[in-house]
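Novice: here is the input, now give the coordinates:
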Amino acid sequence: MLISTSRKPSQNTRKFCKNLKHATGSEYVNRGKSSIRDILLKSAVSGNDSTALVYEIKGNPSKITFYSRAKEVLSILVTVKTQNTRLHINPDNLTVKCDVPRLSILAELLGADLEDNPKDNYLYIHEYTDQDEDEYIEKDYVDYKIAIIDFYNKKGEKLDLQIAVRKILDI
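Specialist: Numbering: from 1, shown residues only. The predicted structure follows:
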């Protein structure tokens, strides 16, 4: 997967994209003056079947739009929490555990297998619960969260890198 950003990304957005790149084994490019079409072409030429564009509001990642072979397949509004230290994820062995059927397409976009009981190196996509409120950085959005995407490293430890899905946009 190729990950890119809006035209002038903030430091927070670039940091999130780099964390996502390392966690998923994806390629990351700064968008600069490139059009979306140029980014999608660059993704195809690089041999990537999928592309993720990260948009921001007030300097923070707020929306991720996923494309598969230049066709938009998923768009989600998000609130993110980034990690400041090494992730220690082996993206070659990445798997996905998904309890939210509408988001199971993420496994395909990442080129990862869906597993019911992974032990390490995985993303866990689950519905938002009240227990997540204690851990989550922005409690103002509690009423709007649909799902949480947690990242687990090669030791099976939960990382600080987290994506809260506030809304799945219809395509």
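
Novice: ok, Glu27 to Lys42 distance?
Specialist: As judged by Cβ to Cβ, to the nearest Å, Glu27 and Lys42 stand 9 Å apart. All C-beta spots, glycine's among them, are computed from the backbone N, C-alpha and C.

Novice: need the longest helix for this structure.
Specialist: Counting by DSSP state H, the longest helix found in the chain is helix 11-24.

Novice: pLDDT averaged over stretch 51-69 - what is it?
Specialist: Averaged over stretch 51-69, pLDDT sits at 96.

Novice: what residue of this protein is the furthest out?
Specialist: Most distant residue from the mean C-alpha position of the chain: Lys33, 22.9 Å away (Cα atoms, centre = their mean).

Novice: what's the closest non-adjacent residue to the residue nearest the centre of the chain?
Specialist: The chain has Leu20 as the residue nearest its centroid, 6.0 Å off, counting by Cα atoms, centre = their mean. Excluding the flanking residues, the one nearest Leu20 by Cβ to Cβ, 6 or more residues apart in numbering is Ile3, at 5.9 Å.

Novice: and whichever strand or helix holds that neighbour, which strands flank it?
Specialist: Using DSSP states H and E, Ile3 sits in strand 2-5. Its sheet considered, strand 2-5 pairs with strand 27-28 (parallel), strand 50-57 (parallel) by DSSP bridges.

Novice: what residues of the longest one count as buried?
Specialist: Burial within strand 50-57, assessed by neighbour count using 16 or more other Cβ atoms under 10 Å, is assigned to Ser50, Thr51, Ala52, Leu53, Val54, Tyr55, Glu56.

Novice: ok, now stretch 22-39?
Specialist: His22, Ala23, Thr24, Gly25, Ser26, Glu27, Tyr28, Val29, Arg31, Ile39.
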